[in-house]
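Engineer: with the sequence up front, the predicted model follows.
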Amino acid sequence: MAKPRNQPTASAPPTLGEGCLARYDPDALGDEDGTDFPGAAELWRQLNPPDAASAPATDAPAGRRTPARPPAGKSSR
């Protein structure tokens, strides 16, 4: 039988955990895995420009917080 032309050469990095808790092992990742992206912060700023809705409030007194409302259907008693 002849050798297939397209043999895969890439492999996934090692993982930790199982099932929905599986994640790549950060200690096993390196530059060859594509983990180095020096322009990430600049790209984030380009794709997510600051706007009035996400800017911090300037008229709110420092150190003061608005209390959260209780969930609907829940009583504080």
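Structural biologist: Now that the structure is in, tell me what you want to look at.
Engineer: rest of the way, CA atoms for contacts and neighbours
Structural biologist: Noted.
Engineer: any regions of this structure where pLDDT drops low?
Structural biologist: 1-4, 52-64, 74-77 (pLDDT under 70).
Engineer: the chain: strands as residue ranges?
Structural biologist: Secondary structure of the chain (DSSP state E): strands located at 15-16, 23-24.
Engineer: paired strands for the first one, with orientation please.
Structural biologist: In the sheet, strand 15-16 lines up against strand 23-24 (antiparallel) (DSSP bridges).
Engineer: how about the helices in the chain?
Structural biologist: Read by DSSP state H, the chain holds these helices, from start to end of the chain: 40-47.
Engineer: list the contacts of stretch 11-19.
Structural biologist: Here stretch 11-19 makes contact (Cα atoms under 8 Å, 6 or more residues apart in numbering) with 22, 23, 24, 25, 28, 29, 33.
Engineer: in that stretch, which residues are buried?
Structural biologist: Buried residues in stretch 11-19, counted by 16 or more other Cα atoms under 10 Å: none are found.
Engineer: shift numbering so it begins at 477
Structural biologist: Sure, I'll start numbering at 477, so the last one becomes stretch 487-495.
Engineer: alpha carbons of it, as PDB, please.
Structural biologist: What follows is stretch 487-495 as a C-alpha-only set of coordinates in PDB (Å, rounded to 0.1, in the frame of the first residue of the first chain):
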ATOM      1  CA  SER A 487      -0.100  18.100  17.300                       C
ATOM      2  CA  ALA A 488      -2.100  19.800  20.100                       C
ATOM      3  CA  PRO A 489      -0.100  20.900  23.100                       C
ATOM      4  CA  PRO A 490      -0.500  18.900  26.400                       C
ATOM      5  CA  THR A 491      -3.600  19.500  28.400                       C
ATOM      6  CA  LEU A 492      -4.600  19.500  32.100                       C
ATOM      7  CA  GLY A 493      -7.900  18.300  33.400                       C
ATOM      8  CA  GLU A 494     -10.600  16.400  31.700                       C
ATOM      9  CA  GLY A 495     -13.900  17.100  30.000                       C
END
